[in-house]
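[1] need coordinates for the following:
(2 chains)
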Amino acid sequence: MNGGVHGKNVAHRASDGKGGICEPCSLEPYTGRSREPILRLVDVEKTFDGRKVLDGANLDIPRGQITAIIGLSGAGKTLLLKHMIGLMKPDRGQVLLDGVDINRLSRQGLCEARKRFGMLFQTGALFDSLTVFENVAFPLREKTGRTEGEIREKVRRILRHVGLEEAEEKFPDELSGGMVRRVALARAVVMDPEILLFDEPTTGLDPIIRNSILNLICRTYHEEHFTMVMISHDIPDIFHWCHHVVVVHNGKVVEVGNPSEIQNSADPFVRQLVEGDISGPVQMM
Amino acid sequence: MILSIAEALGARAIRATRSIGKMGLFLGASLACAAVPPYRGRNIVKQIHFIGVKSVFVIVLTAAFTGMVLALQGFYTLRKFGSEGVLGSLVALSLIRGLGPVLSALLVTGRAGSALTAEIGILRIGEQIDSLETMGIDPIRFLVAPRLLGFLLSVPLLTAIFDVVGIYGGYLVGVKLLGVNAGVYLGQMEASVVLGDVTQGIWKSLAFALLIAWVCTFKGYFTRGGAEGVSQATTSAVVVSSVLVLVCDYFLTSVLL
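    Numbers count the residues shown, from 1 in each chain, chains lettered A, B, ... in the order given. Predicted structure coming up:
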């Protein structure tokens, strides 16, 4: 395993409900043709209402690996994710996708660059006036010239992959939290992206559903070898589901490494974060 | 003390300028998306149905009573000067040149404009607009342009309905209730209403439609702050749109007269 702890790894095996067991880090991370990072954030700064929320963030996202971004609430993790896909523009700095600064692209160029991404928002961000089927089919209908038959076949295959083939006619308000995340995942992968971004995919879910979502993400990784970036508060569990960890604090990247390096870090803040200790450099009321 | 007041005023001025600039850029982008194909026909028809068809009842009701009140008030005022015969002209010209476009716009603002702001605001706070952007779909082309076109196509038609129903309401009160000669009522109306009056009304209704769509979609698109933010955006959209309609009415009237 890439930096994980064996005892904990066994305890955290998750079942996908169909008899399959997935260990996300049991395979070598897929790096494809290039070992260059697929995404780089260089000295990214962002200020809102006079408050600096990203303060010179530097970050490399390795190609073909699962990267977890961890940190306190309000540290800037979601902002980093939004900068990666160009939903926000930095006040200073660069966001490089295969060496190209996405903030210098034209509107058309940015649309093209976004085809390489899929994103799962924390709340799912499903279109509430569309059914599950229509939500997943939406990007295919809007951005491809596929026939309705091809779309139906692909959507049903992906819904089977996430275990929701029976729910295709339901609306988002009829779904549980776990089901919403699974539909959102299905919609994020339907366009065959290269990079998947997850904004707290398991927050607010019970442990069983949480593990099933992580298992699903892991299974998707094994099958498709996407580059994945995941924000998570599930420490230390998340260390068993990623190859690379980024620790963010006060708008800066304070440490990067594999899960083992992060768990054995000498940095007092990182230690406090990993151990969940209420005493340390960060004082809570 | 003086410096801090100057600083605060300056900051306010900068914020206001930035806001106006943002609104201007938003309008430009919306008009560009509305003018340039591809068009989302089904979406546009859906918006026309929501903005136009579903407003017909309230437009007809308001128009009827507006015409009736105009005729009632007008009759007693004109009688003082022995000019009851021009009641038809009074009702028709008042509605076609002024009241029709303004009241239609205000009704549509309250009904469709507020709903539009709330709908887009909820899409914003639910990250559904972000979701569209991540799929490479321009949210202004997808959400705003069909609504803008829906307003531009529906509001003038609603204004026309308002005018016709209002004139008929005035006819009912003036002729049937107050005894004005039907031929005089209709004849005076025909003699005094010219094409220029009708086109003035159409220009006004188009201008109001653009204003309402612009303000309401802008407020919804840039909503922040959860449910309370949506509520504030909706209220602000209705108030700002209504005030702008009235202000714009004055300037358009002075230009078109």
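[2] all helices for the chain, in order.
    In the absence of a named chain, this looks at chain A. A:6-11, A:77-84, A:107-114, A:132-143, A:148-161, A:177-189, A:207-224, A:259-263, A:268-275 (DSSP state H).
[3] switch to chain B, that's the one I care about
    Secondary structure of chain B, counting by DSSP H: helices at B:2-35, B:41-51, B:56-79, B:87-94, B:100-108, B:114-125, B:128-134, B:139, B:145-171, B:182-192, B:195-221, B:226-256.
[4] out of those, the one nearest A:Val253 is which?
    Closest to A:Val253 of those is helix B:128-134 (Cβ to Cβ; 22.8 Å). In short, each C-beta sits where N, CA and C put it, glycine included.
[5] averaged pLDDT, the closest one. What do you get?
    Mean pLDDT, computed over helix B:128-134, is 94.
[6] kindly report the same for stretch A:195-211.
    Rounded mean pLDDT across stretch A:195-211 is 88.
[7] ok now that stretch, how far from the chain's centre?
    9 Å (Cα atoms, centre = their mean, to the nearest Å).
[8] return the set of buried residues in that stretch.
    In terms of neighbour count (16 or more other Cβ atoms under 10 Å in any protein chain shown), stretch A:195-211 has its buried residues at A:195-202, A:205, A:209-211.
[9] next one: residue 228, what pLDDT does it get?
    This is for chain A. Here the pLDDT value assigned to A:Met228 is 93.
[10] oops, I was thinking of chain B
    Per-residue pLDDT puts B:Glu228 at 94.
[11] same deal with A:Arg33?
    At A:Arg33, the predicted lDDT confidence score is 50.
[12] chain B contacts on the stretch 51-200 of chain A?
    A:82, A:85-87, A:107, A:111-112, A:114-115, A:117-119, A:121-123, A:125-128, A:138-139, A:142-143, A:191 (Cβ under 8 Å from any Cβ of the partner chain).
[13] buried ones among those?
    By neighbour count, with 16+ other Cβ under 10 Å, those hold A:82, A:85-87, A:111, A:114, A:117-119, A:121-123, A:125-127, A:138-139, A:191 as buried.
[14] sort out for me which of the residues you listed are in strands.
    Among these, DSSP state E puts A:117-119 in strands.
[15] got the contact list for residue 216?
    Went with chain A since none was named. A:16, A:162-163, A:182, A:185 (Cβ atoms under 8 Å, 6 or more residues apart in numbering or on different chains).
[16] you answered for a different chain; I wanted chain B.
    Contacts for B:Cys216 were tallied using Cβ under 8 Å, 6+ apart; they are B:109, B:113-114, B:116-117, B:237, B:241.
[17] relative to chain A, how far out is B:Ser236?
    19 Å (Cβ to the nearest Cβ, to the nearest Å).
[18] so for the nearest residue to that residue once chain neighbours are set aside, what's the pLDDT?
    Spatial nearest neighbour of B:Ser236, excluding adjacent residues (Cβ to Cβ, 6 or more residues apart in numbering or on different chains): B:Lys219 at 5.7 Å. Here, the pLDDT recorded for B:Lys219 equals 96.
[19] number of nearby residues for B:Lys219?
    B:Lys219: 27 surrounding residues under other Cβ atoms under 10 Å in any protein chain shown.
[20] closest one to chain B out of the ones in strands among the buried ones among the residues of the stretch 51-200 of chain A next to chain B, please.
    A:Met119 (4.4 Å; Cβ to the nearest Cβ).
[21] isn't that closest one right next to A:Leu196, touching?
    Yes: taking contacts as Cβ atoms under 8 Å, A:Met119 lies within contact range of A:Leu196: 7.4 Å.
[22] list the contacts of stretch B:237-255.
    By Cβ under 8 Å, 6+ apart, the surrounding residues in contact with stretch B:237-255 are B:97-98, B:101-102, B:105-106, B:109-110, B:113-114, B:116-117, B:200, B:203-204, B:207-208, B:211-212, B:215-216, B:219-220.
[23] please repeat the previous calculation with a cut-off of 6 Å.
    Stretch B:237-255 has contacts (Cβ atoms under 6 Å, 6 or more residues apart in numbering or on different chains) with B:102, B:105-106, B:109, B:113-114, B:117, B:204, B:207-208, B:211-212, B:215-216, B:219.
[24] so what's the closest residue in space to A:His244 that isn't next to it in sequence up against?
    Excluding the flanking residues, the one nearest A:His244 by Cβ to Cβ, 6+ apart is A:Thr67, at 4.4 Å. A:Thr67 makes contact with A:61, A:229, A:244, according to Cβ under 6 Å, 6+ apart.
[25] give me the pLDDT value at residue 157.
    The chain I'm using is chain A. For A:Arg157, the model assigns a pLDDT of 92.
[26] let me rephrase: I mean chain B.
    As predicted, B:Leu157 sits at a pLDDT of 97.
[27] ok, and the closest non-adjacent residue to it?
    Nearest-residue entry for B:Leu157: B:Gly52, 6.2 Å, with adjacent residues in sequence omitted and distances by Cβ to Cβ, 6+ apart.
[28] re the thing from before, so which of the contacts of A:Thr67 are in strands?
    Those of the contacts of A:Thr67 lying in strands (DSSP E): A:61, A:229, A:244.
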